[in-house]
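Enquirer: the sequence isn't on hand, but the structure is:
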């Protein structure tokens with residue numbers, strides 16, 4: 001039987017509430033500090049499989065770019081130190097800052113050793 005993982009979204013309540021209808025777990029955070037705390041909490045959540053094995057609850061955690069852009073490199077590295085959950089910045093109501101694309105390009109470059117997006121993220 002396939003494992004079922006959840007997907008969460010972190011951001012201001014008025015921005016993320018609609019995602020609940022899509023099956024995502026909305027997690028309210030209005031400041032970068034609140035977002036960091038919630039991301040660590042979500043990353044630590046586990047579920048027990050029928051055989052007793054414990055595993056991560058979330059496969060993906062989306063975080064609104066307006067909050068993610070000020071997460072320190074140290075915190076972002078700690079939050080991204082394992083395969084699951086993937087922490088993915090997404091545009092908020094103010095539009096994109098380009099952060100999500102840059103982080104995605106860096107992840108792909110790390111994984112395959114080449115900057116296929118041509119974003120100049122090497123260095």
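Expert: It's in. Since the model is a prediction, treat every value here as computed from it, not as a measurement.

Enquirer: now do the helices in this protein.
Expert: In the chain, the helices defined using DSSP state H lie at 13-16, 32-44, 65-68, 73-79, 99-112.

Enquirer: mind listing what's buried along the first one?
Expert: Yep, that's helix 13-16 we're talking about. 15, 16 (16 or more other Cβ atoms under 10 Å). To be clear about C-beta, it is placed using only N, CA and C from the backbone, and glycine gets the same treatment.

Enquirer: try the second one
Expert: For helix 32-44, a neighbour-count test (16+ other Cβ under 10 Å) marks 32, 34, 35, 36, 38, 39, 42, 43 as buried.

Enquirer: and if you look at the fourth one?
Expert: Residues of helix 73-79 classed as buried under the neighbour-count rule (16+ other Cβ under 10 Å) are 76, 79.

Enquirer: now for it, which elements pack on it?
Expert: On a contact count with 3 or more Cβ pairs under 8 Å, 6 or more residues apart in numbering; DSSP states H and E, helix 73-79 meets helix 32-44.

Enquirer: lowest mean pLDDT across the helices of the chain, which one is that?
Expert: Lowest mean pLDDT of those: helix 99-112, a mean of 63.

Enquirer: residue 36 against residue 74, yeah?
Expert: No: in this structure residue 36 lies outside contact range of residue 74 using Cβ atoms under 8 Å: 10.5 Å.
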